[in-house]
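In: Quick one, structure for this:
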Amino acid sequence: MLLRRAIWIIPGVVLLVFFLFRLLGDPANLMIGQSGDEKTRNNILREYHLDKPAWKQFLYYINDISPLSIYEKKSWDDKNVSGIFIGKNTGLVIKWPYLGRSYQNNRPVLDVLLQALPATIILAISAMLLAVVGGVFLGVVAASNKGSAKDHIAVLTSIAGISAPSFFTAMIIAYIFGIWLQPYTGLHFTGSLFEINEITGEQTLALKNLILPALTLGIRPLAIITQLTRSALLDELGKDYIRTAYAKGLSKRTVIWKHALPNAINPVITAITGWFADLLTGAFFVEYIFGWNGLGKVTVNALEKLDYPVVTGAVLLSAIIFTLIQVFTDLLYRIADPRVRL
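Out: Here you go, the predicted structure:
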């Protein structure tokens, strides 16, 4: 069932990405800008088959991004990417998806994206861990102290977190902790996972640069998880089995954490997986503001330079990651609650 969903969804994503960018205008003009010469334009048209009808362009595009493809030997050699060619003049090729080459540095787009993806994954995981731990804890505190000052503070904090856009929060956090309080925090306005020593030229791990972007990305999902945990837990705490647990003499902590919370976790799982997919694929401007060299920063830079192949590849990769995470969510439901059928 889950495999069937993925098989149906991913081709739809590919189709949408392909035609969406062609509706934005002439891809050749987007890539070369106003100053490009006719020779460059013709080379782009030939390489991306833009001189052919749209349905043929789509077939060529599918052939390029598929792991199993059919190529003429000369066409395959021109792409100059790794893979196994089986045949003579025309043959079957086993390869990684070919997304074209960047017009800024002539590197394969997939290499550019895969080089940036680990930094985005690390950032998204860090932000999500902050959101899950903080959100569940605040939600439990609010639900178990309903109507108290702790409850009001948790709710107001979550509302503030939801209301503030990520790019606005990024600028505020960057200014406060990266500029104003920088002598005390030691944190920089911008920085990536690795820093290069100007004297030795060696790369060193700089985990402190992860703090500010992870905090910024984690605030909104933390607020959502807080409210969902509070709401779901209040619903569970009003049920008969909770009163029975208290009647047996179980402590409040045991009732909440061992009995009520596991039964209230499904809506939280939805938020966690949904927001993780969003953080993984949507941290574009936060990465750009903090100078974090991840998938988002690469995509924004490509947009600025009209590097069409990189932008298309980044959107396609992001959409597929988002889709697979949503399908994986169904498996988590089954693990968390055996009553849920796949």
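In: residue ranges of the strands in this protein, please?
Out: 68-72, 83-87, 90-95, 194-196, 203-205 (DSSP state E).
In: Now do the longest one: everything it contacts.
Out: Looking back up the chat, that one is strand 90-95. Strand 90-95 has contacts (CB atoms under 8 Å, 6 or more residues apart in numbering) with 67-73, 76, 81-86. To be clear about C-beta, it is placed using only N, CA and C from the backbone, and glycine gets the same treatment.
In: Which of those residues sits closest to F58?
Out: Minimum distance to F58 across these is 14.1 Å, recorded for S69 (CB to CB).
In: So for the closest one, what pLDDT did the model give?
Out: What the model reports for S69 is a pLDDT of 87.
In: How many neighbouring residues does the residue nearest to L110 when sequence neighbours are not counted have?
Out: Nearest residue to L110, sequence neighbours excluded (CB to CB, 6 or more residues apart in numbering): L99, at 5.2 Å. Residues within reach of L99, counting by other CB atoms under 10 Å, total 23.
In: now do Y48
Out: Y48, neighbours per other CB under 10 Å, totals 20.
In: Over to A214?
Out: Applying other CB under 10 Å, I find that A214 has 25 neighbouring residues.
In: Could I get the pLDDT score of it?
Out: So A214 comes in at 88 (pLDDT).
In: Without its sequence neighbours, what residue ends up closest to it?
Out: Nearest to A214 is S126, by CB to CB, 6+ apart, at 4.0 Å.
In: pretty sure the one you found contacts L215?
Out: No. Between S126 and L215 there is no contact under CB atoms under 8 Å: 9.1 Å.
In: returning to what we had before: okay if I get the contacts of strand 90-95 as a markdown table plus distance to A142 and neighbour count?
Out: Below are the contacts of strand 90-95 laid out as a markdown table (distance: CB to CB, whole Å; neighbours: other CB atoms under 10 Å):
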| residue | distance to A142 | neighbour count |
| --- | --- | --- |
| P67 | 48 | 11 |
| L68 | 52 | 9 |
| S69 | 54 | 20 |
| I70 | 59 | 13 |
| Y71 | 59 | 21 |
| E72 | 64 | 12 |
| K73 | 65 | 14 |
| W76 | 60 | 20 |
| V81 | 53 | 18 |
| S82 | 53 | 8 |
| G83 | 54 | 15 |
| I84 | 57 | 9 |
| F85 | 61 | 16 |
| I86 | 61 | 9 |
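In: Just give me the closest of the residues you listed to L130.
Out: For the contacts of strand 90-95, the nearest to L130 is P67 (35.8 Å; CB to CB).
In: How about the contacts made by that closest one?
Out: Taking CB under 8 Å, 6+ apart, one finds I94, K95, W96, P97 in contact with P67.
In: which of those residues are buried?
Out: Applying 16 or more other CB atoms under 10 Å to these, the neighbour count classes K95, P97 as buried.
In: Just give me the residue right at the centre of the chain.
Out: L280 (1.7 Å; CA atoms, centre = their mean).
In: Run through the residues that contact the residue nearest to that one when sequence neighbours are not counted.
Out: Among residues not flanking L280 along the chain, A124 sits closest, at 4.3 Å (CB to CB, 6+ apart). For A124, the contact set (CB under 8 Å, 6+ apart) comprises L217, F276, L279, L280, A283.
In: Can you find the helix or strand in the chain with the smallest mean pLDDT?
Out: Here the helix or strand of the chain ranked lowest by mean pLDDT, DSSP states H and E is helix 27-32, holding a mean of 64.
In: how far away is the closest residue to N209 other than its chain neighbours from A149?
Out: Nearest residue to N209, sequence neighbours excluded (CB to CB, 6+ apart): G191, at 3.4 Å. Per CB to CB, to the nearest Å, G191 is found 38 Å from A149.
In: Show me which of the two is the more surrounded one.
Out: G191 (20 against 8).
In: Look at V298 and say how many residues are nearby.
Out: Other residues close to V298 by other CB under 10 Å number 27.
In: One more: F194?
Out: There are 13 residues near F194, going by other CB under 10 Å.
In: Name the residues linked to it by a beta bridge.
Out: L205 (DSSP bridges).
In: quick one: contacts for it?
Out: Q203, T204, L205, A206.
In: So which of these wins on neighbours?
Out: Busiest of the contacts of F194 [other CB under 10 Å] is A206, holding 14 neighbours.
In: Return the per-residue confidence for the nearest residue to it once chain neighbours are set aside.
Out: The shortest distance from A206 to any non-neighbouring residue, by CB to CB, 6+ apart, is to E195 (4.5 Å). Model confidence at E195, expressed as pLDDT, equals 72.
In: E195 contacts Q203, doesn't it?
Out: Yes. Counting by CB under 8 Å, E195 does reach Q203; the two are 7.1 Å apart.
In: Spit out the contact partners of D151.
Out: Applying CB under 8 Å, 6+ apart, the residues contacting D151 are V141, A142, A143, N145, R230.
In: Okay, the last one and L129: tell me how far apart.
Out: With distances taken as CB to CB, R230 is found 20 Å from L129.
In: And the second one, by the same measure?
Out: As defined by CB to CB, A142 lies at a distance of 20 Å from L129.
In: Neighbour count for the two, which is higher?
Out: A142 (26 against 12).
In: quick one: the more buried one and K150, what's the gap?
Out: 7 Å.
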